[in-house]
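Asks: A structural model of the following input is requested.
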Amino acid sequence: MGDPVTCGKHEGIYRIIGGISFMKDTEGNSIKLIAGTLDSFSSCPCQAKFIVAKFPAMKYESRSEGSRTSGSSSGNNKNIVPAIASLVATAVVPVFAKSALRGTGNTDAGTEDEPQDNVGEMSFYQSRPSQPAPEPEQHAQAAKKKKTSPPPPEPPKKKSLFDKVTGFFFGEAEAMPLPPPPVVMGGSAEAGMAAAAGGATAKANQDAAKALTHTMKHLSGPGVWSGSLAMNLPFVVMGAIAQSKLKGDKSDLLTPEKLLEVAHSKGTVPTRVRYNWITDDETGRLRAVGYHTSAASGRDQVRVRLLEKQMDGSYEFWGDERSNKPLITWTPASTPGSQDSWNTGNNSPQAGTVTIPGLEHPDIQGVTITTTPVPEEKDFRDYILVFPGNIHPPIYIYLSKSPVELLEVKLYSDFKGRSRQGKYEADHMPSRAAVEEFYRLNYPDLDNDDIKILTSRVAAIVVPKEVHRKISETFGGRNDRQQVIRDAQGLKFAVNRNLDTIKPALKEHGVTEEQLEAAREKMHQLNESMGLYKK
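Replies: A predicted model of the protein is given here:
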């Protein structure tokens, strides 16, 4: 029913009722398909109903109503428009996912908190760096060897900051099954590379370490990926929903064929639920959260991308920004020569793992879909992945951000949704309380909501949890009212004093004077860019 059109804002083809499918200028030149005229209604997500005519001479042609001029309309229009509006009101806008509480024919977003079970079954995966498997020993050779006592363990070497940071991002990591006992995410700042910073050897080791692929461990939920799944850091935790596991009437949901069409053009489709990873303020653990996304929210469009099939039968997803290796590599269990094991991203044997202290396990119990606040678009890292030819059901995935690094400096708001690994915290400099006092003194017209947002846009530095809680002069009760008022009147001085207080403790963790001063400079730059003070 109706004519196929595009609205120019949303990807895909929609239907227009009682209106036009083509517009022409006075010379008879066709312009383009467009959704909405003075007497039409469309099913596009923006719910366009008409186009304001900028040129009185512009006229349009309808397949069903003949030629009309945009500046005029017949008296019959007043009678048919209500009827058309009624028809369009009942037309369903297909979406990728919706709540089962919305009955058949209703694809509106939810308005109350509800459990994940109302949408579909969700699975969780977690990355874990791998170590090469030990070289197999021939039995005959092993029999000839004399059994000797193992050498005494070497004393632990003190690791530099470079060792600790690169050890987490490119080196060893812990991998344990989901509780019980707890899962530990891939990566550890305590597992350093052997080389120190600088020199050709360190560079070679870095390059080799970057080549490591992080395998994905299935934590819970139905097995979405059957076979081997590899993912590159920094995508640490992944939630996934196969389209076949979604609830709701099929007539309300986008078909695999439609998703494949959009994937070829790298477009987006509407969905009434999107997901994200946030950091729990109390525990520091990553937590999965869903959000109701109405068309009016401006956050209802999710990217649809096509997986690339490789010659070896595997599938790759590179993301929107090309890098030197794919973000996700999936090797089906049925691929010739493959094994139902975790892929390491190369042709070497299956890799083992090293159990050492690492990240805390994510909170994936009782995922709730909520209404507010919906994150900014830049904070979503979700995609609908479609297989060539739809040989497998499309899969919705959402990825966590990379964990924080020791001594990393950013606006505090930019650390949102990034794991503290159970051992780091982001320390405001200056303190949140001092910045709040600053805004209340200098901008009395700001309301509480504005101040809450502004106090998160302050420089922060990642430090060990014990340094923050035991030594920082602004943590907890140590930041008394008198100190807050004093700091609010000299925010730059407060930053310098706050950092100087924890410098000795940070040096005990391997941080150098040069690194500390570079962090100080960056904090001043960020705070200046926020208008808190001038350097």
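
Asks: what residue ranges in this protein score low on pLDDT?
Replies: 1-91, 129-216, 218, 221-226, 233-236, 281, 284, 322-323, 334-366, 535 (pLDDT under 70).

Asks: mind listing the helices for the chain?
Replies: Applying DSSP state H to the chain gives helices spanning 77-90, 139-144, 161-170, 199-210, 256-264, 432-442, 448-454, 465-470, 481-488, 491-508, 513-529.

Asks: mind giving me the domain split of the protein?
Replies: As given by automatic domain parsing, the domain ranges for the chain are 3-90, 118-131+159-399, 409-529.

Asks: measure the longest one end to end?
Replies: Using C-alpha to C-alpha, to the nearest Å, the span of domain 118-131+159-399 from its first residue to its last is 21 Å.

Asks: quick check: residue 97 vs residue 387, distance?
Replies: 18 Å (C-beta to C-beta, to the nearest Å). C-beta: built from backbone N, CA, C; applies to glycine.

Asks: settle it for me: which of the two has more neighbours?
Replies: Neighbour count, other C-beta atoms under 10 Å: between residue 97 and residue 387, residue 97 has more, with 26 against 18.

Asks: contacting residues around that one?
Replies: Contacts for residue 97 were tallied using C-beta atoms under 8 Å, 6 or more residues apart in numbering; they are 119-120, 241, 246, 248, 253, 271-273, 396.

Asks: switch to 6 Å and redo it
Replies: By C-beta atoms under 6 Å, 6 or more residues apart in numbering, the contact list for residue 97 reads 119, 246, 271, 273.

Asks: could you do residue 494 as well?
Replies: Per C-beta under 6 Å, 6+ apart, neighbours of residue 494: 430, 434, 487.

Asks: nearest to residue 410 among these?
Replies: Checking the contacts of residue 494 against residue 410 with C-beta to C-beta, the nearest one is residue 430 at 15.3 Å.

Asks: how close does the closest residue to that closest one other than its chain neighbours get to residue 527?
Replies: Distances taken as C-beta to C-beta, 6 or more residues apart in numbering place residue 494 nearest to residue 430, at 4.1 Å, with adjacent residues excluded. Distance of residue 494 to residue 527, computed by C-beta to C-beta: 10 Å.

Asks: number of residues surrounding the closest residue to residue 523 other than its chain neighbours?
Replies: In space, and not counting its chain neighbours, residue 523 is closest to residue 459: 3.9 Å by C-beta to C-beta, 6+ apart. For residue 459, the tally of surrounding residues (other C-beta under 10 Å) stands at 27.

Asks: so residue 459 touches residue 527, yeah?
Replies: Yes. Between residue 459 and residue 527 there is a contact at 5.0 Å, judged by C-beta atoms under 6 Å.

Asks: between the two ends of stretch 438-454, how far is it?
Replies: Stretch 438-454 has an end-to-end distance of 11 Å (criterion: C-alpha to C-alpha).

Asks: likewise for stretch 368-378?
Replies: Span of stretch 368-378 from end to end, C-alpha to C-alpha: 21 Å.

Asks: so which bits of that stretch are buried?
Replies: By neighbour count on 16 or more other C-beta atoms under 10 Å, the buried set for stretch 368-378 is 369, 371, 374.

Asks: could these go into JSON lines alongside distance to residue 412?
Replies: Conversion of the buried residues of stretch 368-378 to JSON lines gives the following (distance: C-beta to C-beta, whole Å):
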{"residue": "369", "distance to residue 412": "26"}
{"residue": "371", "distance to residue 412": "25"}
{"residue": "374", "distance to residue 412": "20"}
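
Asks: the closest residue to residue 532 other than its chain neighbours: neighbouring residues, count only.
Replies: Setting aside the residues directly before and after it, residue 532 is nearest to residue 491 in space (C-beta to C-beta, 6+ apart), at 5.1 Å. As a burial measure, residue 491 scores 19 neighbours (other C-beta under 10 Å).

Asks: which ones are touching residue 491?
Replies: Going by C-beta under 6 Å, 6+ apart, residue 491 touches 430, 532-533.

Asks: name the member of these that has the highest neighbour count.
Replies: In terms of neighbours by other C-beta under 10 Å, the contacts of residue 491 top out with residue 430 at 28 neighbours.

Asks: so that residue sits against residue 495, correct?
Replies: Yes. At 5.4 Å, residue 430 and residue 495 qualify as touching, with contact defined as C-beta under 6 Å.

Asks: find the residues that touch each one of residue 494 and residue 527.
Replies: Both residue 494 and residue 527 lack any common contact, where contact means C-beta under 6 Å, 6+ apart.

Asks: residue boundaries of the strands in the stretch 301-450 of the chain?
Replies: Ranges of strands in the stretch 301-450 of the chain, per DSSP state E, counting those that start in this stretch, are 301-306, 308-309, 315-317, 328-332, 368-370, 382-386, 395-399, 409-411, 424-428.

Asks: and residue 425, bridged to which residues?
Replies: residue 463 (DSSP bridges).

Asks: ok, it touching residue 469?
Replies: No. Using C-beta under 6 Å, residue 425 makes no contact with residue 469, being 7.4 Å away.

Asks: the more surrounded of these two?
Replies: Comparing residue 425 with residue 469 by neighbour count (other C-beta under 10 Å), the higher total belongs to residue 425, at 20 against 14.

Asks: what's the spacing between the more buried one and residue 530?
Replies: 21 Å.

Asks: and what of residue 254?
Replies: Taking C-beta to C-beta, one finds residue 254 at 41 Å from residue 530.

Asks: could you do residue 468 as well?
Replies: 22 Å.

Asks: check residue 386 too.
Replies: Taken as C-beta to C-beta, the span from residue 386 to residue 530 is 41 Å.

Asks: what does residue 467 give?
Replies: To residue 530, residue 467 is 25 Å away according to C-beta to C-beta.

Asks: any idea how far apart the tips of stretch 291-310 sit?
Replies: End-to-end distance of stretch 291-310 (C-alpha to C-alpha): 35 Å.

Asks: err, stretch 407-421, not the other one
Replies: By C-alpha to C-alpha, one end of stretch 407-421 lies 14 Å from the other end.

Asks: what residues of stretch 427-442 count as buried?
Replies: Residues of stretch 427-442 classed as buried by neighbour count (16+ other C-beta under 10 Å): 427-439.

Asks: do the same with stretch 311-323
Replies: So for stretch 311-323, counting by 16+ other C-beta under 10 Å, buried means 314-315, 317, 319.

Asks: report the two of these separated the most.
Replies: Based on C-beta to C-beta, the longest span within these runs between 314 and 319 and measures 16.3 Å.

Asks: just the buried residues of stretch 311-323 now: which is nearest residue 295?
Replies: Among those, and counting by C-beta to C-beta, the member closest to residue 295 is residue 319, at 26.1 Å.
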